[in-house]
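**Q** Coordinates only, no sequence provided:
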């Protein structure tokens, strides 16, 4: 006997949400499958909220920072990244969640879900050409930055730690988002209490 998972469309998923079928369940739609999300531990909740608030202050009116809110992807997916930095389209988001073309970059905080975030989530985001995807590894306090989506994969990966050691000095590591190259985000703002 072959077991086949039922696939759902975005429309069917939204009807379930509207009907209350998924109330009190932490789920997201990934490639047509309704996936249970891992419970959010205290460090995950703290760091993702703190960095989201930090990015709001840093970006101001240039972007909207959405924390743990859905984004709608054309492959029957509606994940809820921990932080999504999107175009500030105001009330347009009353009629739809951000689409890939609205997204500057997404951030996932990862502790127990590192394998999923580095694998499945990276594939889902790359497949729809989200230009930049950051995974904050809470176990070793590092940030993995994926860029250059091509053929359903990110072709660039850079790992950042809080400090960078050169022959002559130790400097704090920072990341310049592709969409805002003049902005320098210290890795410590993503992995340490602010």
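**A** Received, thanks. All values derive from a computational prediction rather than experimental measurement. Numbering: from 1, shown residues only.

**Q** can you give me the helices for this structure?
**A** According to DSSP state H, the chain carries its helices in the segments 10-19, 42-59, 114-116, 122-127, 188-191.

**Q** what ranges of this structure fall below the confidence cut-off?
**A** For the chain, the stretches with pLDDT under 70 are 1, 4, 163-171, 193-194.

**Q** For it, which segments count as strands?
**A** Across the chain, reading from the start of the chain, the strands by DSSP state E fall at 27-30, 33-36, 64-67, 83-86, 103-110, 132-137, 142-150, 153-160, 163-165, 170-172, 174-175, 185-186.

**Q** which ones are touching residue 131?
**A** If you count contacts by CB atoms under 8 Å, 6 or more residues apart in numbering, residue 131 has them with 103, 104, 105, 147, 149, 178, 179. All C-beta atoms are positioned from the backbone trio N, CA, C, and that covers glycine.

**Q** hang on, the earlier thing: how about the strands of the chain in CSV, adding mean neighbour count and distance to residue 192?
**A** As requested, the strands of the chain are arranged in CSV below (neighbours: other CB atoms under 10 Å; distance: least, CB to CB, whole Å):
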stretch, mean neighbour count, distance to residue 192
strand 27-30, 20, 28
strand 33-36, 14, 30
strand 64-67, 20, 18
strand 83-86, 24, 16
strand 103-110, 24, 13
strand 132-137, 23, 11
strand 142-150, 19, 12
strand 153-160, 14, 13
strand 163-165, 12, 11
strand 170-172, 11, 11
strand 174-175, 17, 13
strand 185-186, 18, 9
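
**Q** Throw those into CSV and include distance to residue 124, thanks.
**A** Conversion of those to CSV gives the following (distance: least, CB to CB, whole Å):
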stretch, distance to residue 124
strand 27-30, 6
strand 33-36, 11
strand 64-67, 17
strand 83-86, 13
strand 103-110, 10
strand 132-137, 9
strand 142-150, 11
strand 153-160, 11
strand 163-165, 30
strand 170-172, 31
strand 174-175, 21
strand 185-186, 23
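
**Q** The ones you listed: which one's closest to residue 3?
**A** Distance to residue 3, taken as CB to CB, is lowest for strand 33-36 among the strands of the chain, at 13.0 Å.

**Q** Who are the packing partners of the closest one?
**A** Under the contact criterion of 3 or more CB pairs under 8 Å, 6 or more residues apart in numbering; DSSP states H and E, the helices and strands touching strand 33-36 comprise strand 27-30.

**Q** Contacts for the strand it packs on, please.
**A** Contact with strand 27-30 is made by 8, 10, 13, 34-37, 70, 76-80, 120, 124, as judged by CB under 8 Å, 6+ apart.

**Q** make it 10 Å
**A** With contact meaning CB atoms under 10 Å, 6 or more residues apart in numbering, strand 27-30 is reached by 7-10, 12-14, 16-17, 22, 33-37, 70-73, 75-81, 116, 120-121, 123-124.
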